[in-house]
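K.L.:
Have a look at this prediction, sequence included:
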Amino acid sequence: MRGGDEMTDEHAVRLLRPLRGEPEEPSRIDVPRAMTEGRKRRALRRWSGGVALIALTSVTAGGGTLAMSALRDEAPLPAPTTAVSVTPSVAAAVPAVPAGPSGCEVARLPTDGVKKALVTAGDPSGRYLAGRVYQSSVSTIIWKDGKIFARPRMTGGDPSYEDINTSGVAVGSAFIGERQQAYVFRDGRVTALDGQRTRANAINEAGVIVGAMGEVLETVPVRWSSPGAKMERLPLPAGYVEGQADGIAENGTVVGSISKGGTDVPTAYLWPPGGAGYAMPLPTVKGVKASGFWAESINDGWVAGRAVFEEDGKRGSRRFESLRYRIADRTYQSLPVNSYPALLADNGWILMGPQAGPVVIAGSGVTELPRYARLKEYVISSFSADGRVAAGYTTDLDDEGVGNEPLLWTCR
Amino acid sequence: MPERSDRDYLAFVHARVAELRRTAHLLCGDPHQADDFVQETLTKLYARWPRLGQVENVDAYVHTMLVRVFLDDRRRGWWKVRLLTGPPEPPPIERNPEDGPVVRAALAKLPPRQQAVLVLRYLCDKPVREVADLLRCSEGTVKSQTAHGLTRLRALLGVTALPPVAAVSQERR
């Protein structure tokens, strides 16, 4: 026999039934505009001195040259040292590096007449760039030496390339329904990577690809040893349930992050080639220990990113410090600019993307890159290994919403 | 290496925007306004994205944001109506209570939280516990708001007697 509540429920469902229905009109939701306006609100709240970064998905990493036996035998990994490691204090500022770039020029990349386009990735030589163009739908584009090289077609919605190497092999993903699918572009063709619900985040010169698999915000780290290889899950350390691999250096070191799920702050994880992975130690800045570190780029010796500090136990308030981490001795160094992302060149220069305009950090020197057509808001997405080529796009609002101009900076 | 934060945000939005639109549409009944609510919700979400690591359930968090955007909007409208007309006690509507626009018009006359409770429970099929979480109130409050809202809605629609339930017993899982 039904209870009174259930009777009420059934009557109520019937009463409201005429209102059931799906929105039939095409969506007017403008996600880039939401991001641009959201970014401004962040700035107003003075979080993190500008723009902020999060890894909602925790991230772990699998190495490019990681010993395959370590994957196969599922040997227990050493527990991450996050909580118990000796917290390295932040050492001196960045050591001497060559003086910053000079003679920098900015140019808009060609888009076949399409007004709105982004650069999403670049290769270490600075010759290849990958991006997106917005026509009636979004599609991808590859530039080589500043000219359109290919307009590959990726099956699925919202396609994007996240990384590309000097052979012009690009990796990325698109959405099939609500699930992501990882793809690789090479030799003029786009093919799906092995596995389902995957996304590819990075590729190195050896062709090793890393990324994530799973439902959005609940992924685990994966890798493909080559574009045609089977997907392999990367083991997470004990107690950690989520993760993703974000970047891979030429020597095979992979960086990502890991999390215990829930409200656990994700923190950076490194997988050195041929060795066991470890959580990067948490830095202490001005006497305060960070609760996490979020990596933004990696090369053979360094990881750049930001330390996360919870503000006085207040839920929902964080601040960030931009740092770089020397892998060899596991120490952090503070950066003279507090922003994100921090993209590493091999000569010690770092490209950073404050909203006021991108800058190149060289030691304690800060070189502003030229603005394009007096536009004010920039997102950077690529920095070449020699530090002479940068790429990104603008996000200023125009009459039609968010205008995106894909840009290439070249310096001497 | 790409910007992880934006990529995660976009992935989340892509996976959830259809459901957000659906919920917004059920809440307000107007497709344009529904998209405005979702647009504002996604803007707030992006502004707060850096600290969402402290949120246990991002889906629920975003739906709470959406309901708040709806309530904020409705409260403004609600107070305007009250100021202009005084406490409204309109007579029952003598039109077909199974006509969508009629039901929508009646629903819109309820206080905003009662509207939200009824929509979330009986159109979005969310259990009391979840509605309480979304509205940041107790389950008891959800139940009392439900009772008040239904009573009022029935009065507005001129549905005095409870209709037979046999035809709808399969509606709910």
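P.N.:
Cool, got the structure. Numbering: from 1, shown residues only, chains lettered A, B, ... in the order given.

K.L.:
Report the contact partners of the nearest residue to residue A:222 once chain neighbours are set aside.
P.N.:
Spatial nearest neighbour of residue A:222, chain neighbours left out: residue A:213 (4.6 Å); criterion: CB to CB, 6 or more residues apart in numbering or on different chains. Quick note: C-beta positions are derived from backbone N, CA and C, even for glycine. Contact analysis of residue A:213 by CB atoms under 8 Å, 6 or more residues apart in numbering or on different chains lists A:195-199, A:219-222, A:231, A:233.

K.L.:
again with residue A:154
P.N.:
Residue A:154 sits next to A:139-140, A:172, A:174, A:183, A:185, A:190 when contact means CB under 8 Å, 6+ apart.

K.L.:
which non-adjacent residue is nearest it?
P.N.:
Using CB to CB, 6+ apart and skipping residues adjacent in sequence, the residue nearest residue A:154 is residue A:174, 4.6 Å away.

K.L.:
model confidence over the strand or helix carrying the one you found, on average?
P.N.:
With secondary structure defined by DSSP states H and E, residue A:174 is part of strand A:170-176. Strand A:170-176 comes out with an average pLDDT of 93.

K.L.:
Just the CA atoms of that strand, as CSV, please.
P.N.:
Once side chains and other backbone atoms are set aside, the C-alpha atoms of strand A:170-176 remain, and they are given as CSV (Å, rounded to 0.1, in the frame of the first residue of the first chain):
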residue,chain,number,x,y,z
ALA,A,170,49.7,16.3,-33.4
VAL,A,171,47.6,14.7,-30.6
GLY,A,172,44.3,15.9,-29.2
SER,A,173,40.7,14.9,-28.8
ALA,A,174,37.1,15.5,-29.7
PHE,A,175,33.8,14.6,-28.2
ILE,A,176,31.7,11.7,-29.4
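
K.L.:
in that strand, what's buried?
P.N.:
Residues of strand A:170-176 classed as buried under the neighbour-count rule (16 or more other CB atoms under 10 Å in any protein chain shown) are A:170-175.

K.L.:
Poorly predicted segments of chain B, please.
P.N.:
For chain B, applying pLDDT under 70 flags the ranges B:1-4, B:53-54, B:77-95, B:160-173.

K.L.:
repeat for chain A
P.N.:
The low-confidence ranges in chain A, as defined by pLDDT under 70, are A:1-5, A:7, A:43-96, A:312-317, A:354-355, A:400.

K.L.:
rerun at 50
P.N.:
The model of chain A has pLDDT under 50 over residues A:1, A:45-86.

K.L.:
ok, residue A:204 - contacts?
P.N.:
Applying CB under 8 Å, 6+ apart to residue A:204 gives the contacts A:64, A:165, A:248-250, A:252.

K.L.:
re earlier: for the residue nearest to residue A:222, list each beta-bridge partner.
P.N.:
Taking DSSP bridges, one obtains residue A:198, residue A:220 as the residues bridged to residue A:213.

K.L.:
Check which residues of stretch A:132-146 are buried.
P.N.:
Counting neighbours by 16+ other CB under 10 Å, one finds that the buried residues in stretch A:132-146 are A:132-134, A:138-143, A:146.

K.L.:
from those residues, which two are the most distant?
P.N.:
For the buried residues of stretch A:132-146, the maximum inter-member distance is 22.0 Å, found between A:138 and A:146 (CB to CB).

K.L.:
Just the element for residue B:9, please.
P.N.:
For residue B:9, the element it lies in under DSSP H and E is helix B:4-28.

K.L.:
after that helix comes which helix or strand?
P.N.:
helix B:31-48.

K.L.:
Do you have the helices of chain A handy? List them.
P.N.:
With DSSP state H as the criterion, chain A has helices at A:4-16, A:31-44, A:68-72.

K.L.:
ok, the spatially closest residue to residue A:114 that is not a sequence neighbour - contacts?
P.N.:
With CB to CB, 6+ apart as the measure, residue A:133 is the residue that lies nearest to residue A:114, at 4.5 Å, once sequence neighbours are left out. Taking CB under 8 Å, 6+ apart as the definition of contact, the neighbours of residue A:133 are A:111-112, A:114, A:116-117, A:139-141, A:151.

K.L.:
can you rerun that using 7 Å?
P.N.:
Taking CB atoms under 7 Å, 6 or more residues apart in numbering or on different chains as the criterion, residue A:133 is in contact with A:111, A:114, A:117, A:139, A:141.

K.L.:
Quick check: residues of the stretch 101-250 of chain A near chain B?
P.N.:
A:120-121, A:158, A:162-163, A:175, A:178, A:180, A:201-202, A:216-217, A:246-247 (CB under 7 Å from any CB of the partner chain).

K.L.:
looking at the residues you listed, which has the most residues close by?
P.N.:
residue A:246 (34 neighbours; other CB atoms under 10 Å in any protein chain shown).

K.L.:
tell me the two of the contacts of residue A:133 that are most distant?
P.N.:
The span of the contacts of residue A:133, defined through CB to CB, is set by A:111 and A:139 at 10.8 Å.
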